[in-house]
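Enquirer: Sequence below, structure please.
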Amino acid sequence: MISRRDFTLSLGCATLASPLMQARAQAAYPNKPVKIVIPWPVGGAVDNHSRALSVDLQKKWNQTVIIEARPGGNGIIGAEYSARSAPDGYTIYNGNDSSICMLPFLYKTLSYDPIKDFEPVVCMMAGVSTALVAASLPIKSFKELIDYAKANPGKINYGSFGIGSKTHVDTEALSLLTGIKMTHIPYKGIADVNAAMAAGELHFALGIASAVMPNIQKGLIRPIFVAGEQRTPVLPDVPTIKEAGGPDFVSRSWFGLFFPAKTPAAIVDKVANDVAEISESAAFKERYVLGFGLDPLVLKPAAFRELIQKDTAFYRDALAKLNLKLE
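Expert: The predicted model follows:
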C-alpha cells in the first residue's frame, strides 16, 4: 500500500518534472516538418516572403518547413483550416489584419473566431496602400480626384481584390470620408487590377505601389497619394493623403504568424524569437521586405496582441458606419 508520505513525494516529483518536460519539449521542437499556411495565391509578395522565411527557418531548425497555399474566400479557407489544426506547433497560419481583425465584423457568420481560435506569434511586416489612378483620367492629385468624382458621380470605376476584401472596405471608407461615389469592380488580386488599369478599363485602386511599378514607370498608372502617415521609399515624391489636403485616413495591411489556440507557450515564444531574428537581419529585410515595397514591423506576442486589439476596434467601428455585411 502506498503511504500518504510516498504519495505526496510522488506528486511533488511530478510537479517538479513538469517544467523540465516542457523545457525538453521546447528543445526538441521541431522534430518533424512544420507547415506554414498562406491564404493567398502562389506568386505574390507574401507568398515569396513566406518561402524565403521557410528557407531560413529550415537552416535554423534543421527541419523541413513547408509552404501550403490555401487561397479563397477572402482568406477564410486558409484561416479556418489553420484554426482547426492541432495546437502542437506544426501548423502556422500566415494571416493579416483583414482575416484576424476585419472579417468578424464583415460577415454575418464566420467559421472561426480570430480571438478564441488563434494565438498571436509574431508580426513581420506591413504594407501601406498608394492611391493609383489610370492615366486615361485627367487626375494628378487628391483634390482633382475628389473634384472629378463629385462632378461625375459613379463614373469612376474602382478595383478591389474581391467583394469584402480589405481594398473593397478601405475604398468604401475613403468614399464615405470624402463624400464621393465610385463604382466597385471586384478582381482576384493586384495582377488583374494592374492589367485593367493599364488598359484603361479601371480608373482607381488602392494597392502596394511596388506591385504595379512597371506600369507606373511606363506612365500607364499614376500614383497620387500614399494612404498612410509616411511617404513610401518606393515613391518618395508622392505625398501622403494628409500632405495632399485629405482626411485622416490610413489603408495598410500587416502580416504575421499565428498558431491554433492552446499551442504551448514555449513553442510560441521559440517561433516568435526565431522569426523575429530572421526578419530583423539586414539581408533578409532588404531583399524580402523593403525589396517588395513593404515596411518592417516586427512585434512579438504581447505587442502583436495590442496591435490586433487596436485594429479590431477600428474595423468594428468602420464597418458599423459603412453598414456593410456579407453572408
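
Enquirer: Pass me the low-pLDDT residue ranges in the protein, would you?
Expert: 1-27 (pLDDT under 70).

Enquirer: Nearest residue to the middle of it?
Expert: What sits nearest the mean C-alpha location of the chain, by Cα atoms, centre = their mean, is Asn96, with 2.5 Å.

Enquirer: List the residues that contact Val128.
Expert: Contact analysis of Val128 by Cβ atoms under 8 Å, 6 or more residues apart in numbering lists 208, 226-228, 230, 232, 250-252, 295. Backbone N, C-alpha and C define where each C-beta goes, glycine included.

Enquirer: Equivalent analysis for Val268, please.
Expert: Residues in contact with Val268, defined by Cβ under 8 Å, 6+ apart, are 119, 121, 259, 301.

Enquirer: Kindly report the same for Phe161.
Expert: 167-168, 186-190, 193.

Enquirer: Now, of those, which are buried?
Expert: When those are checked for burial by 16 or more other Cβ atoms under 10 Å, the buried set is 167-168, 186-187, 189-190, 193.

Enquirer: In JSON lines: these, plus secondary structure and distance to Pro114.
Expert: Supplementary listing: the buried ones among the contacts of Phe161 in JSON lines, determined by DSSP: H, G, I helix; E, B strand; the rest coil; distance: Cβ to Cβ, whole Å:
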{"residue": "Thr167", "secondary structure": "helix", "distance to Pro114": "20"}
{"residue": "His168", "secondary structure": "helix", "distance to Pro114": "19"}
{"residue": "Pro186", "secondary structure": "strand", "distance to Pro114": "23"}
{"residue": "Tyr187", "secondary structure": "coil", "distance to Pro114": "25"}
{"residue": "Gly189", "secondary structure": "coil", "distance to Pro114": "22"}
{"residue": "Ile190", "secondary structure": "helix", "distance to Pro114": "24"}
{"residue": "Val193", "secondary structure": "helix", "distance to Pro114": "26"}
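
Enquirer: and of these, the nearest to Asp47?
Expert: Gly189 (11.0 Å; Cβ to Cβ).

Enquirer: Identify the residue spatially nearest to the closest one, adjacent ones excluded.
Expert: Computed as Cβ to Cβ, 6 or more residues apart in numbering, the closest residue to Gly189 that is not its neighbour in sequence is Phe161, at 5.3 Å.

Enquirer: From Met125, how far off is the one you found?
Expert: The gap separating Phe161 from Met125 is 18 Å, by Cβ to Cβ, to the nearest Å.

Enquirer: ditto for Phe292
Expert: Distance of Phe292 to Met125, computed by Cβ to Cβ: 8 Å.

Enquirer: and what of Asn194?
Expert: As defined by Cβ to Cβ, Asn194 lies at a distance of 21 Å from Met125.

Enquirer: Then Val169?
Expert: Distance of Val169 to Met125, computed by Cβ to Cβ: 21 Å.

Enquirer: Stretch 286-302 spans what distance, first to last residue?
Expert: Start-to-end span of stretch 286-302 (Cα to Cα, to the nearest Å) is 26 Å.
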